[in-house]
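Undergrad: My questions are about this predicted structure, shown below with the sequence.
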Amino acid sequence: MDLILWRHAEAEPGEPDLGRRLTAKGIQQAERMADWLDRHLPATTRVLSSPADRARQTAQSLKRKFRVVPDLVPGATVSAVLGAAGWPDAREAVLVVGHQPTLGEVAAFLLTDQELAWSVRKGAVWWLSYRVRDGVASTVLKVVIGVDAHRPCGSPRFIKPSHAACTLPRMNQRRATERPIAIVVGCGDVGSAIACALHTHGWSVVLVDEADPAWHRRGMALTNAWYIGNAELDGAGACFCASLKSIPSVLARGMIAATTWSWGSVAGALHPQVLVDAERARRRPEVLRGRVPITIGIGTDFVTGENVDVALQAPANAPQAGGAPSPAQSRDVLVAAMERRSYVVASTRYGRFATERRIGDSVRAGEKVGTLGNEAVAAPATGFLLGLAARGARIQPGDELVEVDPGGASCRCHGVDAASRALAASVLSVLDGEVVIAP
């Protein structure tokens, strides 16, 4: 599959951001690049554009049919781009007209498997290609071309000029089928801890969650894989898979496969031995028992021998995402003190969260740390950001946006916490036969 990343041409400043249009120079830049692309793109190329006016104008200069994809807005995640493009399994080439820093992050992830802030200049094109040779998958950079020249402008920063083809690193070449397969639903701190524990104990793990998940303890979880394409926790790496077909190759590399595909679709394709539902209270629990050889549910809504084979209880001080606030609480943002003395801001509304802060940052009480829609979200206490919803997270009532630890240290905001680790150990005990499963 070929994926062509085209950053919009020069645009005028101003607000609102989505309404900014190309300058006269930008129109010329877009037309010059469109001429080059039209001569090189296959006729069947699928063209996708951000809804921003400057991106739509850039796409229109190609004079081909294109589709506006709302998820490709400025600030879109790596997983949103790869999901829209159908990477790496689309049969046709895909051209994405979008924005920085997203396009640079996509290129960096596909070529190095790392979170790097690569720069794609305005109007420039990066052409990447996915191929499988002798059973080994790789992504290569075919060409980078700038708007000021109709020839390759040399290899970009971070890539050796003499070698534009960059092969993804292989962490583990063992076939995924050599390890039993487990599906974990929920990429929050508990689900991620369970996924890492299973991975460490010899399981191939697929971690399933919705697009743009709202879990806020991202330093203690693998949630970032849904936003930047990869994440690491407790020595285990996770890689986002936009398609079912890409999951086996990620598992074969010794990584946890992160995906937005439903667990049922994954189970139908991979035939797992274990299913662990760690979403807890985000939705009504399904009857899982009998659909996979061993089913484990985390939370009070699961009952051993009824809807799952084994039900385990989450730690008493673990945040329960998705619990709707009391009707008597009428404010759009609620502040609650938790038993372990961290302070949480939870939402009572739907919206997209935006932030420039990072997990572990020091904050002061009342300091703005992000926005939900057009409403500012402030830190509930002075301390360190133990939890912070990701930029672009889809928020619903009850989702926790911010969590501040007033008495800890920045280092406590990262890594599997003791409560989640204990719950993961309980899951391993079930699989080791130390817990009797009801017939």
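TA: Good, I have the coordinates.
Undergrad: can you map out the helices along the stretch 151-300 of the chain?
TA: Defined through DSSP state H, counting those that start in this stretch, the helices belonging to the stretch 151-300 of the chain, from first to last, are 189-200, 225-228, 247-252, 263-270.
Undergrad: Determine which stretch of these is the most buried.
TA: helix 189-200 (a mean of 28; mean count of other C-beta atoms under 10 Å). Every C-beta, even on glycine, is put in place using the N, C-alpha and C of the backbone.
Undergrad: by contact count, what packs against that one?
TA: For helix 189-200, the elements it packs on are strand 181-185, strand 204-208, strand 230-233, strand 236-241, strand 256-259, strand 274-277, strand 294-298, helix 418-431, judged by 3 or more C-beta pairs under 8 Å, 6 or more residues apart in numbering; DSSP states H and E.
Undergrad: quick one: strands adjacent to the third one?
TA: What that stands for is strand 230-233. Within its sheet, and counting by DSSP bridges, strand 230-233 is paired with strand 236-241 (antiparallel).
Undergrad: Need the CA coordinates for the partner strand. PDB is fine.
TA: Listed next in PDB are the C-alpha coordinates belonging to strand 236-241 (Å, rounded to 0.1, in the frame of the first residue of the first chain):
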ATOM      1  CA  ALA A 236       6.100  -3.900  27.100                       C
ATOM      2  CA  GLY A 237       5.500  -2.000  23.900                       C
ATOM      3  CA  ALA A 238       2.100  -1.500  22.200                       C
ATOM      4  CA  CYS A 239       1.600  -0.700  18.500                       C
ATOM      5  CA  PHE A 240      -1.700   0.500  17.000                       C
ATOM      6  CA  CYS A 241      -3.300  -1.700  14.300                       C
END
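Undergrad: average model confidence for that strand?
TA: With pLDDT averaged residue by residue, strand 236-241 scores 92.
Undergrad: E92 and L41 touch, don't they?
TA: No - when contacts are counted by C-beta atoms under 8 Å, E92 is not listed as touching L41 (10.2 Å).
Undergrad: Neighbour count for these two, which is higher?
TA: In this comparison of E92 against L41, neighbours counted by other C-beta atoms under 10 Å, the higher total goes to L41 at 18 against 12.
Undergrad: Tell me how many other residues crowd W36.
TA: By other C-beta under 10 Å, the burial measure for W36, its neighbour count, is 16.
Undergrad: is it fair to say it lies in a helix?
TA: Yes - using DSSP: H, G, I helix; E, B strand; the rest coil, the assignment for W36 is a helix.
Undergrad: Return the distance of it relative to V190.
TA: As judged by C-beta to C-beta, to the nearest Å, W36 and V190 stand 50 Å apart.
Undergrad: In stretch 392-410, which residues are buried?
TA: For stretch 392-410, a neighbour-count test (16 or more other C-beta atoms under 10 Å) marks 392-396, 398-405, 410 as buried.
Undergrad: Of the helices of the stretch 151-300 of the chain, give the one that comes closest to L103.
TA: Proximity to L103 (C-beta to C-beta) singles out helix 225-228 among those, at 12.9 Å.
Undergrad: For the closest one, what is the distance to the chain centroid?
TA: Helix 225-228 has its average C-alpha position 2 Å from the chain's average C-alpha position, going by C-alpha atoms, centre = their mean, to the nearest Å.
Undergrad: Could you do stretch 117-126 as well?
TA: Relative to its parent chain, stretch 117-126 has a centroid offset of 21 Å by C-alpha atoms, centre = their mean.
Undergrad: Now G19: closest residue in space, sequence neighbours ignored.
TA: The shortest distance from G19 to any residue that is not its chain neighbour, by C-beta to C-beta, 6 or more residues apart in numbering, is 5.5 Å, and that residue is D53.
Undergrad: okay, now that neighbour: neighbour count?
TA: D53 - counted by other C-beta under 10 Å - has 18 other residues nearby.
Undergrad: Am I right that it is in contact with P16?
TA: No - counting by C-beta under 8 Å, P16 is not a contact partner of D53; they are 9.7 Å apart.
Undergrad: Over stretch 297-316, what's the mean pLDDT, rounded is fine.
TA: This predicted structure assigns stretch 297-316 an average pLDDT of 82.
Undergrad: tell me which residues of it are tucked away?
TA: Within stretch 297-316, the residues that count as buried by 16+ other C-beta under 10 Å are 297-299, 301-302, 304, 307-312, 314.
Undergrad: repeat for stretch 137-144
TA: When neighbours are counted by 16+ other C-beta under 10 Å, the buried residues of stretch 137-144 are found to be A137, S138, T139, V140, L141, V143, V144.
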